[in-house]
Structures are given as C-alpha cells and as structure tokens.
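Visitor: Sequence plus predicted model, see below.
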Amino acid sequence: MKAYKCEKLRDVAIIAHGGVGKTSLVETLLFASGATKRLGLVDEGTTISDYGADELKRKISIDSTLVHTEWREHKVNIIDTPGYADFIAEVKGSLRVVDGAVVVVSSVGAVEVGTERVWQYVHEEGLPRLIFVNRMDEENANFYSTLEAMRKEWGRKVVPIQLPTGEGDGFRGMVDLVKMKAYFYGSEGRREEKEIPGELEERAKEYGEKLTEAAAETDDNLLERYLENGSLSEEEIKQGLRSAVLAGKIFPVLCGSAYRCMGAEDLLGAVIDYLPSPLERPAVCGKRPGSSGEEEERREPDQDAPFSALVFKTIFEPHVGVLSLFRVYSGKLSSGSTIYNSNKSTEERIGQIIFMQGKERGEVSGVQPGDLAAVAKLKETAIGDTLCDGKNPIILPTMSFPRPMLSLAVKPRTKKDQEKLSAALAKIQGEDLTFEMRMDHELGQTIISGMGELHLEIIIDELRDKFGVEVDVEKSKVAYRETIRSSTKVQGKYKRQSGGRGQYGDVWLEVEPLSRGEEFEFVNKIVGGAIPSKYVPAVEKGVREAMQKGVLAGYPVANVRVTLYDGTFHQVDSSDLAFHIAGSLAFKKAVSEAKPVILEPIIEVEVVIPDEYLGDITGDLNSRRGRIMGIEARGNKQLIKAQVPLAEVDRYSTELRSKTKGTGAHTMKFSHYEEVPQRVSEKIIAEAH
C-alpha cells in the first residue's frame, strides 16, 4: 500500500451495542470499496474482522480488529470494536487512537444500553461522530421512530442527511438530502441515481431545509448567503456540515443495510467528507519524562517532528510472538530503526512494520503521522506505552480501564498444565488490562478476575485453545470487603526480649469509619516526640498490611481513618520492625472492637427484553436481592434498570438467554459497596472458617 499524507487519512472506530451489525457493516465497507473480493458473513464465519476461534464459534466480536481500505484517494483505517460490556477495554483502547467514530444503531427498536455507554466514551474523548441506522430491510424497521429515540437520548444535534426509500421488505435505497437525489439498489446490487419519488418529495424537502439551516448556522458568511438566496449549494452545505461535525454541533445520520450491502458507498463518502483527518484534531500533549508534571510537551502531526506513538493493543500469536498495535502522532517510523519506550526507559528495535487487515498482514517500510500499524516482538512494550525519539522523549496520556468485577478460582489439571499456566495468564494479562490474576497460596488456587461471566469464559477457552492449558473452574469469588461502624482507641504493643538487643514498639491508634468511596486515610498526630518520626512510616505499613485481611472473613478492610496519636519507644530496642508489628496488632484489635461488618459490591444492571418477558425477568431480578430502579418502554421492548449484588449475578448471561430464548441483552457496571444483610453475612463468615 502506498504512503498517504496526513490530510488523506481517516481513522475511525465502529461502535455500538452488541448484535446490531457492526462487523457486518465493516465487511460491507471493505467489499464495496474493493478491499475484499467477497462479502464476509458473520453466520458463515467468513469475516475479515472476526477471525478468532471464540468469535467464530459464538458469532460475536471479542477483540477490536484493525482493517483498512481506500476510497476517493483516501486511506480509511477502521477499527471494528466489540459490543459486549465484558470487552469494554477493547473499545476504550480503540477510541483513544482514532479521530472519529461511526455509531451503529438498529432500525428496529430504540437506542440500546450498550450504545449509550460507548456514546459516553466517545463524548469523553471529544470525537466527532456519524450515526448509521442499520437493518433498514428488517421486519418492523422504523427509521423515524429510531430518529426520535436518538434525539431523545442525544438531543437535536442528531440530524439526518439521508432518508430511507421504504422500510422492511420495501427498503430499496436512500434519499441524499445534500444532493436532493434518490439512490436505488437493483436486484444485483447495482446502485442507480434517480429523482426523489413523489411520495417522499414533501418529507425530503422538509428535512432538506432543516439540514441546510443547520449547515448555514455554522458560519456567518454561509448564513448570510442562505438568508439572501433561501438556499445553499451542495458544496456550501458540505462545508457547513463539516465545520459543524468537527465542532461537535451536528451528528449526521445515514441509513442502510449492511447485510444487503446497501449504503456503504455513502457512509465511506461521509467519513471522508465530514470526519477529520489527523491534521484537524488537536495536537497530542504529554509530559517529558522526569519533569515536575507542570511542563507540557506537544506533538504536531508532522513527519519532520520528533517521533511519538502510543501502543493501544497487543496480540499474542503462538508462531509470531507479541504484535504491538500503535498510532503514530508525530514523526515517522522506519523498519530497522531503534526507538525509545519512555514508560519503561528502554530502547526497542523495530523489525518489519505491518499493516493489519484482520488476520492478514502486509509489510511496509515506514509509517507516517496519523496512521495505525503494528510491529512484532518488542521486548518490554505493553498497552499504553509511549514509543518515541530517545533524544526528544515524551510520555503520552495512557488509557484508563475499569477494574474487574467477577473472579473465578482455577486449578491446572495436570503438572504439565501447572507449569504452563502462569506464563499463559501473563500473556493474556498483557493483552487485556481488565483481566487480573493472583495466587492464593493458602488455598493453592489461581484467582482470575474479569469484567463478567462471558469475559472469564473466553479466557478459559483461550487457555485451552491458544496455550494448550487445561484448568478446572471452581466457584466464583466475590470481592467482599470489611469495614467498621464505630470508632475506638486501642493500644498495640510489641515487646520481645531474647538475649542481646530486643524489640520494642508501642502505639496508640484511633480508628474510625469513613464514608463509602473513601478507602483509607492515615493521620499522624504524634507530638512531643512520643515516637520518633522515623518510625511513623513503619506503623502505617503495619496498618496497611493488616488491612489486607479483615477479622470477620479475611476480606480487605476499607473506608477507615487511622490516627496515630501516642506511643512510647525504647532508645535501644525500638526498630522499624517492632513498630510495624505494633501497628498491625493495634489495627486488628481496633477493627474487632469497632463493630465490623461485611460489604458487598452492588452492580448496576440494565436489561433489554421483549415485552412478553417483563414479568419473568423482574421476578428473577427480585429473587436475586435486586432492586428495580426503573422500567422504560423502548419500542416493542422494555429496558429494566436495577441494582443487584454481584454475588447474585453468577451465570446471569446464560440464564437471561435461556429465559428470553436468546432475545434478551444486558450490561453491567460497578455501582457501589453496601453492607450485606445479616443472614448473608453469617453465611459468608461460616464459609470463610
């Protein structure tokens, strides 16, 4: 592939709720633009962007996938992102490195909860966006009710630049409100330009005038011309729209059917016409390594500027090693060069630079600012690391990811599996920053934590299929915590004499509860040298160590303030170790006296189901100790918002699919911790002992 200048690049992410046709749309874009010779189909497992074993088996996107195509002498980099909440890290990493987004909405029903979530992430990144109403050929498709639903969620900035000609079985094409022409698709997929059908003339005129007004309002000169002439030319409308989209004042809406390959040409054209090139986005800012944090470094998308790039994804492939996917922000990178990883303070040797096309790879000699590419076998580099010119180092802002919510205990089946397990999990953790692992040496278990049930199922499958490691899964573990409900003052004294120099540490602590969300505060109120200041850090260290294992069931203690206000020491026998132990003893004693309780994580659950399952699903949520926070009608579906203890949503994905015959969908996110009921607390304590 030839090198493209910055102004000829477009970097976009395709985002939405799971199951609305994102991958099918990506396949249509590739096919319509000639990047592929046949249309990949999800149901047949022939897609370019979904190619992993689990993706093909489950027919869902699990990883974000980078592909590219060429259209109107531009290169368009496209990242196909997963729609399920369990894989949100893939979405957040992708949105960090693109310049715009295409939000896919189904024409059947309203805006899905997962789409609302990723819309918020796009907003946080400040990205311009287009909206594509997909599945216009499906039964019950309704463009105008979907439009009103989007406007209800996202405001009047949602402006159609196309209208459908027909819906459902009668969907034949689109009316272009900029050109005021209709485009129809024949039986063989040929696209023909025609006059707007008579039955659509009035509606097209109405929406066309609203679009022209919206475009004119972005520029004083355009507005003046519009007021004088009562209209704008096609180029003037495009000019106004582009300015409005880049400023986040308009979200243009297009429509089509990815399955029938209808609307791809117009969407690609809109990406080029209305979404920004890297030159039209703000310069990336970062910090110089070792600086105070006040000095800001800027990098313009100029190939003569010092090189800088951000790694947004890594992929482990058994016969290749680790592939690092990155976005170049400034300068240029050539094969065989040496660059600097400013996060790890180490140099990395660049081998062959790779352009990704799903699982296919193409090699290039260099990469320009604004482009997305990959390189294999970097030794120290991980997701979120900055690669740069060692003479002009910079650390770019990294991505933030939510903490995992659900844990499973796994045990290797054989000694051979045990030998390979840690290395395999470490590689998975390098690819997925919402996955965590730790060893529970007391139980002899490996604890793996992820965003949900499906996430952990995928990881267990990956261990078997990708790394050849078989494990047995044990009961899910919930991240309970312990806290206190009252204040107390206690003494912790450690004294040991065994010949020669002894150990002596004596502290008085006041321990009191903090409000939920405030994890821990340590306050030093020692006055008059009751304890030398050099021993205070040891006391805090002892307290923090004791916090890791509470007195009721061994869970970490949270939401406490510890004040060190008095104590004594010995000129010879006192040491850091003695005060460390004294602090630990005092804290454990204090927690026992301060009415300790167990806290459990509460999850916000949003469930979208057909009307007929409403009673069954609300009843099921109530049986899980859930609180129904609200129910909203969404077309012929219902959106249930609830708060449910994490301990009660084990295998909820599977059970929801079963209860709704595969038609239900849900998202989950952490809300807060709250005290468990007495009967539940007694059960947790009994199981811990």
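Guide: That came in fine, so what should we check first?

Visitor: Count residues in the vicinity of the nearest residue to residue 532 once chain neighbours are set aside, would you?
Guide: Once flanking residues are discounted, residue 532 sits nearest to residue 569: 6.3 Å by C-beta to C-beta, 6 or more residues apart in numbering. Quick note: C-beta positions are derived from backbone N, CA and C, even for glycine. Counted by other C-beta atoms under 10 Å, the residues lying close to residue 569 total 20.

Visitor: same thing with residue 172?
Guide: A total of 18 residues lie near residue 172 under the criterion other C-beta under 10 Å.

Visitor: With residue 311 instead?
Guide: 25.

Visitor: Quick check: the residue nearest to residue 532 touching residue 534?
Guide: No: Residue 569 lies out of contact with residue 534 (C-beta atoms under 8 Å); the separation is 10.1 Å.

Visitor: How about residue 492, nearest residue that isn't a chain neighbour?
Guide: Closest to residue 492 by C-beta to C-beta, 6+ apart is residue 586, at 2.5 Å.

Visitor: which outside residues touch stretch 394-402?
Guide: With C-beta atoms under 8 Å, 6 or more residues apart in numbering as the test, stretch 394-402 has contacts from 88-89, 92-93, 96, 284-289, 297, 299, 306, 308, 310, 312, 329, 342-343, 383-386, 388, 433-434, 451, 669-670.

Visitor: So for it, what gets flagged as buried?
Guide: 394-396, 398-399, 401 (16 or more other C-beta atoms under 10 Å).

Visitor: so where is the stretch 151-300 of the chain shaky, pLDDT-wise?
Guide: Low-confidence segments of the stretch 151-300 of the chain (pLDDT under 70): 188-189, 292-294.

Visitor: can we see that at 90?
Guide: For the stretch 151-300 of the chain, the stretches with pLDDT under 90 are 153, 186-191, 218-221, 226-231, 289-296.

Visitor: okay, and the helix or strand of this structure with the least pLDDT?
Guide: strand 471-477 (a mean of 80; mean pLDDT, DSSP states H and E).

Visitor: which strands and helices sit next to that one?
Guide: Applying 3 or more C-beta pairs under 8 Å, 6 or more residues apart in numbering; DSSP states H and E, one finds that strand 471-477 contacts strand 406-412, strand 445-450, helix 453-467.

Visitor: Report the strands that pair with whatever helix or strand residue 601 lives in, each with its relative direction.
Guide: In this assignment (DSSP states H and E), residue 601 forms part of strand 596-610. In the sheet, strand 596-610 lines up against strand 481-484 (antiparallel), strand 637-645 (antiparallel), strand 665-675 (antiparallel) (DSSP bridges).

Visitor: Please identify the buried residues of that strand?
Guide: Counting neighbours by 16+ other C-beta under 10 Å, one finds that the buried residues in strand 596-610 are 596-603, 605-610.

Visitor: Out of the residues you listed, which is nearest to residue 423?
Guide: Closest approach to residue 423 among the buried residues of strand 596-610 (C-beta to C-beta): residue 601, at 30.2 Å.

Visitor: Could you figure out how far the helix or strand just after the strand holding residue 601 is turned away from strand 665-675?
Guide: Following strand 596-610 in sequence order, the next helix or strand is helix 614-623 (DSSP H and E). Here helix 614-623 points in a direction 30 degrees away from that of strand 665-675 (axes from the mean of the first three to the mean of the last three C-alpha atoms, to 10 degrees).

Visitor: rewinding a little: tell me the most buried of the strands paired with strand 596-610?
Guide: Comparing the strands paired with strand 596-610 by mean neighbour count (mean count of other C-beta atoms under 10 Å), strand 481-484 comes out on top with a mean of 22.
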